[in-house]
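[1] what shape does this take:
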Amino acid sequence: MSRTFALMALALAGACPALADAPFTGKFSGTGRACSGGLYVRTKTIEWNSSFSICKPSRYEVLDNELDKKEDERIAFRLQSPSRQCLYPVIEVQRLSTYSWGVQGYQSMESYRNRALPDWGNSPLEERLILSCPMTRLD
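    Below is the predicted model:
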């Protein structure tokens with residue numbers, strides 16, 4: 001009896017690290033003039049369709065992953081092969097509450113890296129424009 005219990009405990013303990021290493025996935029819905037559409041993060045691809053930008057499914061690289069924090073949970077992705085109509089190949093997803101998420105689209109890695117600089121976010125230069133969309137998580 002104790003051997004069976006020990007084997008079950010060992011099997012369950014082995015499954016826990018696999019859950020911790022599971023990739024981030026989710027379905028998000030945006031509304032409004034520029035943000036109407038959806039963001040789909042899958043285990044191997046990401047897709048973001050909005051009113052003015054269509055990022056077809058593409059493999060991605062995780063740039064930053066801070067989903068294990070108590071506050072300001074966020075994850076950022078870079079699309080490896082963005083489609084021609086994709087204006088925002090770098091995507092940052094930040095949890096605001098249980099179902100409310102903020103999704104930011106950056107036109108370049110430079111824009112993503114410099115997002116915290118004081119004069120970057122409010123710049124009138126077109127290459128510095130950031131699409132910021134409030135979204136609801138659907139799953």
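[2] can you point out the buried residues in the strand ranked longest in the chain?
    The longest strand of the chain (DSSP state E) is strand 54-66. Judged by neighbour count (16 or more other CB atoms under 10 Å), strand 54-66 contains these buried residues: Ile54, Cys55, Lys56, Ser58, Tyr60. C-beta here means a position set from N, CA and C on the backbone, and glycine is covered the same way.
[3] what's the closest of those residues to Gln107?
    Gln107 lies nearest to Cys55 out of those, by CB to CB, at 11.9 Å.
[4] could you find the closest non-adjacent residue to that closest one?
    Spatial nearest neighbour of Cys55, chain neighbours left out: Cys86 (3.7 Å); criterion: CB to CB, 6 or more residues apart in numbering.
[5] what about the chain, any weak spots by pLDDT?
    Scanning the chain for pLDDT under 70 picks out 1-21.
[6] all strands of it, in order?
    Using DSSP E, strands in the chain cover 26-30, 37-41, 45-49, 54-66, 74-79, 90-95, 100-106, 130-137.
[7] CSV please, covering those and showing distance to Tyr112.
    Formatted as CSV, those follow (distance: least, CB to CB, whole Å):
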stretch, distance to Tyr112
strand 26-30, 19
strand 37-41, 16
strand 45-49, 15
strand 54-66, 7
strand 74-79, 7
strand 90-95, 4
strand 100-106, 4
strand 130-137, 9
